[in-house]
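Asks: whatever this is, show me its structure:
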Amino acid sequence: EDLAADVGATRTEEGTEMLYAREHVVLAASAAGVDAVDTVFTDFDDDEGLRAETEFALTLGYDGKLAIHPSQIDVINEAFTPDPERVEWAEKVLAARDEADAAARGVFQVDGEMIDAPLVAQAERILERTGSDDGA
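Replies: Now for the predicted structure:
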């Protein structure tokens, strides 16, 4: 909200006026090796809106989201908790990576999908979000 006011932007429901800044935060945080934490969702009575915005933040690469009210914590935590299917995929990827490492292969496949270093990193990140030590 402060940035929108500072630059004279009109806040919209879609939030496109802040998209560049939100993406820039993710890039800067990644370059600095720190977590990117998304801004607040101000309507603390709108769980569906919060869920949608939090899921969008996750697709942008955010590691977390600020809450403006305690009632938002469960929705945010739920959105940042990986689905069981994604956890299963990540576990398969890391197991296949270990097999490929033992065979000195850099690229391998899981369920017909070619897996390389960026997807291994994604799998590790998924397991990190579950609190599993397997992602490290």
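
Asks: Leu60 and Leu119, how far apart?
Replies: 18 Å (C-beta to C-beta, to the nearest Å). (C-beta placed from N, C-alpha, C; glycine too.)

Asks: out of these two, which sits in the busier spot?
Replies: Neighbours were counted for Leu60 and for Leu119 using other C-beta atoms under 10 Å; Leu119 has more, 17 against 14.

Asks: so where do the strands sit in this structure?
Replies: Taking DSSP state E, the strands of the chain run over residues 37-38, 64-65, 108-110, 113-115.

Asks: most tightly packed of the ones you listed?
Replies: Compared across the strands of the chain, strand 64-65 shows the largest average neighbour count, a mean of 20 (mean count of other C-beta atoms under 10 Å).

Asks: quick one: strands adjacent to that strand?
Replies: strand 37-38 (parallel) (DSSP bridges).

Asks: what residues does the strand it pairs with touch?
Replies: If you take C-beta atoms under 8 Å, 6 or more residues apart in numbering as the criterion, strand 37-38 is touched by Arg22, Val25, Glu53, Thr54, Ala57, Leu60, Tyr62, Asp63, Gly64, Lys65, Leu66.

Asks: lovely, talk soon.
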